[in-house]
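J.: Below are the sequence and a predicted model; questions follow.
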Amino acid sequence: TDSHYIYSSLSLLYLRANEIGIIEARVTQILDENEHAMASYATMISSLTGKRATLLFSLFVLVATVVQYDLLKISHHQLESKDGHVPIEENSRGLKEYLQRLRDAADELRSEQRMLQGEDEKDDTDGEKKEGRSPMEIARIRRAHFGIIFPEAEKMPLHLRNTMDSLHSNDIAFFWHIPKTGGKLMRVIMGNCFGLRRAEMLKEPASLEFVTDIVVNVDTQTPQGIADAHDMQLIDSGMVDMISSPHSISAAALFTPYHPGRAFTIMQHPVVTAVSKFAERKRIRPTLRKMSLAEYAVQDYYPDNWMVRQLTGTIPGDELTEDHLHRAKNMLLAKFFVGIADQMEETVRQLRLYYEWITPQGQETCVRDMVRGTWPGEDDDWEPYKLPKRGGNEWNIVAEREKWDIELYYLGLEMFSKQNLMLNAIQHALEPQSFW
């Protein structure tokens, strides 16, 4: 695309920019980028057509009227448009990072455009939007909480196996990590006790290389990290046996027909989780230190019902209903094997049988040692806290805010009990003695 053509096109569309008040928040961010970022963005949006192109061009013209025209110059040996993508030379690491952020902005605008046109299905977020929220803000919140990429079938991810499907050699374990439930301990157990290779970024930048014997240097904990892992084709690389992520729906998009995911999670009572999260937030946010748990739980910004919101893609602040709970229960029943945080040894016993993990010789007591606290490490999910009295005023206030997650947790307890009955028969047939 010729820079003169871009500039003239943008000039013609200048008046359209006034119709889109939602784009002003993007101006400061784009101005912070250099000329390569501007050129990358121009090249990318030039491949789009129709209303989407108008929306993106309008954003760009608002920026282009502020910066100098020479920022729009495009070096064709650095950027070459092909099928809507902009390949970057291998040594242009910084340029690639700029481009990725701009692509992210375009993703938000595409999502926003669908919202404005009423094309998003009602059950994508459901509930009533908070008064005063712009579509741009809603898109930003969705990205922060649920991710950048999503599977082909968001309601019931296509490449996550159903819980009762038979195990295949190409299945990849997917640990949906619910915060403050011992996630680091579980990852260490999977690696140290069973030798499972996992993705975890230990140094910058992310790359498909082993930084330890069992850790590939790729981030699957953040929305951007998941998007990068998708671009790297992490799952089909054959380098990992499991991935862990708090983003249940977005991370499910990493799995493929060649390497489907087989998911599990570890749950604990939502009030216990809320107390632990509050203890952590008070440590990093001094303004909360004078506030009691009950006072915190009634605030508008209190992050309620995290599990149900994750499984249904419902942003914080949107009202939850019985329909959301029903959808979350269906997802949990169909796709997730469930462990319980305060029964970790039994949880790992069930997982070992379910996934047919092999205990290496000499590691027979590995799980017991780690769960009971004799392993050389510390679970950084843990924060010191004191639980309120069960059934007391403070407990009940939090429980009311977490009512949907509590219902989901009760389902998880039922599933855990039924799994025990099913797997006991399998273990009795395969292993007359416990593997501990």
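T.: Received it, and whenever you're ready, just let me know what you need. None of these values were measured; they are calculated from a predicted model.
J.: Please tell me how far residue 138 sits from residue 303.
T.: Using Cβ to Cβ, to the nearest Å, we find residue 138 at a distance of 16 Å from residue 303. C-beta: built from backbone N, CA, C; applies to glycine.
J.: In terms of neighbours, single out the busier of the two.
T.: residue 138 (22 against 15; other Cβ atoms under 10 Å).
J.: what about the more buried one, which helix or strand?
T.: Using DSSP states H and E, the element containing residue 138 is helix 135-146.
J.: buried residues in that helix?
T.: Within helix 135-146, the residues that qualify as buried by neighbour count (16 or more other Cβ atoms under 10 Å) are 135-143, 145-146.
J.: All the strands of the stretch 151-300 of the chain, residue numbers only.
T.: Listed in chain order, the strands found in the stretch 151-300 of the chain under DSSP state E, counting those that start in this stretch are 172-176, 198-199, 215-216, 242-245, 261-267.
J.: Tell me which of the ones you listed lies nearest to residue 426.
T.: Of all the strands of the stretch 151-300 of the chain, the one in closest proximity to residue 426, counting by Cβ to Cβ, is strand 261-267 (16.1 Å).
J.: what angle separates the closest one from strand 172-176?
T.: Between strand 261-267 and strand 172-176, the angle formed by their directions is 30 degrees, by axes from the mean of the first three to the mean of the last three Cα atoms, to 10 degrees.
J.: And strand 261-267, what's buried?
T.: Along strand 261-267, these residues count as buried under the neighbour rule (16+ other Cβ under 10 Å): 261-267.
J.: next one: stretch 289-301
T.: Along stretch 289-301, the positions that meet the burial threshold by neighbour count (16+ other Cβ under 10 Å) are 293, 296-297.
J.: ok, so of those, who is nearest residue 411?
T.: For residue 411, the closest of the buried residues of stretch 289-301 turns out to be residue 297, at 22.7 Å, with distances computed as Cβ to Cβ.
J.: Now do the contacts for the closest residue to residue 264 other than its chain neighbours.
T.: Ranked by Cβ to Cβ, 6 or more residues apart in numbering and with sequence neighbours excluded, the top spatial neighbour of residue 264 is residue 337, at 4.0 Å. Applying Cβ atoms under 8 Å, 6 or more residues apart in numbering, we find residue 337 in contact with 163, 262-265, 350-351, 354, 419.
J.: Mind doing that once more with 6 Å?
T.: Each residue near residue 337 by Cβ atoms under 6 Å, 6 or more residues apart in numbering is listed here: 163, 264, 354.
J.: ditto for residue 273
T.: When contacts are counted by Cβ under 6 Å, 6+ apart, residue 273 touches residue 180.
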